[in-house]
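In: what follows is a predicted structure for the sequence shown.
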Amino acid sequence: MNARPNAVVIVGAGQAGLQVAASLRDEGYDGEIRLIGDEAALPYQRPPLSKSFLTGGVSAHDLSLEESRWFDEARVERLAGERVSAIDRKRQRVSLMSGRVVSYEHLVLATGSRNRTLPFISQAFDGVLSLRSIHDAQRLKARLELARRVVVIGAGFLGLEVASIAAERGCDVHVVESVDRAMKRAISAEMSAAFAAHHRAAGVRFSFDARVQRISSLDGGAYQVELADGACLEADLVLVAAGVVPNSELAAACGLSVFNGIIVDEKLRTSDPAISAIGDCAAFPYAFDGGDLLRLESVQNAVDQARHVARGLLGQAEPYDQTPVFWSDQGGARLQIAGVARRLDSSVVRGDPESGAFTVFRFRHRQLTGVESCNRPAEHMAARRLLQRRISPSREQAADPSFDLKLLLTLAEPA
């Protein structure tokens, strides 16, 4: 592949895809750029859909990442409301459902992910919703304004963000989770317990290790959620928030390597060097964990990878090694995470969880692998820098609130 291709096509017009286009122009790329997205709306931010958009803090217009004139000024052709039907790697072109064929010298797959569907749930019911797009958020917002009883299926970030908003509105909220604790895939047992307690204090009820058997429609616009243990929950709004799966079918169909996402190398290239993949759909070698493949659902990761691919296309070919960052606002408690810890990594707690402001440091042997902070933004920022520079405090330093983590950064500076 040429160091500077003459035509870049980006499939996926979310934050990752748009960032590739913007970064290419910012870095001085003067070739053709085409951005293909299946939504008619301008590219928009997704994180606020489960937070400030539902509360009315921001409008749909506020979510737009760029105005329409930006695409003209940046010379980025936006193919909105278009879906790619096939990738022809030999001829280096993509076919669209509309019949149009678009050629590329380099293709970037930023196809994202989609909500996991549950076989026993019919979302043909008006009050059984999921949340992925701005259209979904608009429907959910309208239903929340009328809801009194809300059942959320899934105790991940999104489910708990919506649960906290419903509780603040005075709804009776019940969260059903198939595993034994909240946000288990993402955080430590200590942080999970603190957030569950935080939600319970706001009136949210939980059913852990529980599986939904079926959802039935009742008279008067109500629904009955039946659990495998025989319990029945009534609601006038059910949110299905059972996680996501990567959109990797296009890649698999054209013969690219796929396993829990589109497999890429340390430069975010697929098994075809003329194609990159970034964001939620990409499984990349995690530089901080011996190169094991990792797929992340994080805006920061998507943006960082987009910038990295843009620089790579212009000849800057360093391996991708950014520290992953995540965050979630849940009823006045802000959770911030840096790094990715494994489930068996040990925990060191700094501060009192009952105070609502504390940090959990995760270690594998003596190596810091991740840091989770609740309402401790300064510690989060220090932790990000420590992880990026591969600096680990001792367990004693991590547990001591009087120890200044920034001192470790200062000591690591060259004399």
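Out: Yes, it's here.

In: how close does the residue nearest to residue 227 when sequence neighbours are not counted sit to residue 232?
Out: In this structure, residue 227 finds its nearest non-sequential neighbour in residue 210, 5.2 Å apart by Cβ to Cβ, 6 or more residues apart in numbering. No exception for glycine: its C-beta is placed from N, CA and C like everyone else's. According to Cβ to Cβ, to the nearest Å, residue 210 and residue 232 sit 12 Å apart.

In: before we move on, what about residue 279?
Out: Distance from residue 279 to residue 232, by Cβ to Cβ: 39 Å.

In: neighbour count winner among these two?
Out: residue 279 (34 against 10; other Cβ atoms under 10 Å).

In: what's the helix or strand for the nearest residue to residue 353 once chain neighbours are set aside?
Out: Nearest residue to residue 353, sequence neighbours excluded (Cβ to Cβ, 6+ apart): residue 194, at 4.2 Å. Taking DSSP states H and E as the definition, one finds residue 194 inside helix 189-201.

In: what comes up buried for the helix or strand just after that helix?
Out: Sequence-wise, the next helix or strand downstream of helix 189-201 (DSSP H and E) is strand 205-207. By neighbour count on 16 or more other Cβ atoms under 10 Å, the buried set for strand 205-207 is 206, 207.

In: same for strand 205-207, what does it pack against?
Out: Identification of packing neighbours for strand 205-207 by 3 or more Cβ pairs under 8 Å, 6 or more residues apart in numbering; DSSP states H and E yields strand 172-176, helix 189-201.

In: which SSE is immediately downstream of it?
Out: strand 212-217.

In: show me the contacts for residue 191.
Out: Residue 191 makes contacts with 183, 335, 353, 360, 372, 374, as judged by Cβ atoms under 8 Å, 6 or more residues apart in numbering.

In: secondary structure element for the fifth one, which one?
Out: Yep, that's residue 372 we're talking about. Counting by DSSP H and E, residue 372 is part of strand 367-374.

In: need the residues that contact that strand.
Out: Under the contact criterion Cβ under 8 Å, 6+ apart, strand 367-374 has outside partners 187-188, 191, 194-195, 288-289, 333-342, 345, 353, 356-363, 379-380, 383-384, 386-387, 391-393, 398.

In: just to revisit the earlier point, does the residue nearest to residue 353 touch residue 358 like I think?
Out: Yes: at 7.2 Å, residue 194 and residue 358 qualify as touching, with contact defined as Cβ atoms under 8 Å.

In: more neighbours: which of those two?
Out: The neighbour count for residue 194 versus residue 358, taken as other Cβ under 10 Å, is higher for residue 194 (24 against 21).

In: next structured bit after the longest helix along the chain?
Out: Secondary structure of the chain per DSSP state H: the longest helix is helix 299-313. Going down the chain from helix 299-313, the next helix or strand is strand 325-330, by DSSP H and E.

In: about what we covered before: mind listing what's buried in the strand holding residue 372?
Out: Within strand 367-374, the residues scored as buried using 16+ other Cβ under 10 Å are 368, 369, 370, 371, 372, 373, 374.

In: again, but for stretch 120-137
Out: Of all the residues in stretch 120-137, those buried under the rule 16+ other Cβ under 10 Å are 121, 127, 128, 129, 130, 131, 132, 133, 134, 136, 137.

In: one more: stretch 18-30?
Out: Applying a neighbour-count criterion of 16+ other Cβ under 10 Å, the buried positions in stretch 18-30 are 18, 19, 20, 21, 22, 23, 24, 25, 29.

In: again with stretch 320-337
Out: Neighbour-count burial for stretch 320-337 flags 320, 322-331, 333, 335-337 (criterion: 16+ other Cβ under 10 Å).

In: now do the SS call for residue 354.
Out: Of the three states, residue 354 takes helix under DSSP: H, G, I helix; E, B strand; the rest coil.

In: contact partners for it?
Out: Taking Cβ under 8 Å, 6+ apart, we find residue 354 in contact with 194, 197.

In: give me the distance between it and residue 193.
Out: Separation of residue 354 from residue 193 (Cβ to Cβ): 11 Å.

In: count of residues packed around the spatially closest residue to residue 143 that is not a sequence neighbour?
Out: The shortest distance from residue 143 to any residue other than its chain neighbours is 5.0 Å, reached at residue 237 (Cβ to Cβ, 6+ apart). By other Cβ under 10 Å, the residues close to residue 237 number 25.

In: next one: residue 117
Out: Residue 117: 12 surrounding residues under other Cβ under 10 Å.

In: coming back round to it: could you check how far the residue nearest to residue 143 is from residue 169?
Out: Taking Cβ to Cβ as the measure, residue 237 falls 11 Å from residue 169.

In: mind listing the shared neighbours of those two?
Out: Residues touching both residue 237 and residue 169 by Cβ under 8 Å, 6+ apart: 144, 147.

In: tell me which of the helices and strands packed on strand 205-207 sits most buried.
Out: Highest mean neighbour count among these (mean count of other Cβ atoms under 10 Å): strand 172-176, with a mean of 23.

In: surely the residue nearest to residue 227 and residue 180 touch.
Out: No: using Cβ under 8 Å, residue 210 is not in contact with residue 180; the gap is 9.9 Å.

In: which one's more surrounded, the two?
Out: Using other Cβ under 10 Å, the more surrounded residue of residue 210 and residue 180 is residue 210, with 20 against 11.

In: if I look at that one, how far off is residue 340?
Out: According to Cβ to Cβ, residue 210 and residue 340 sit 27 Å apart.
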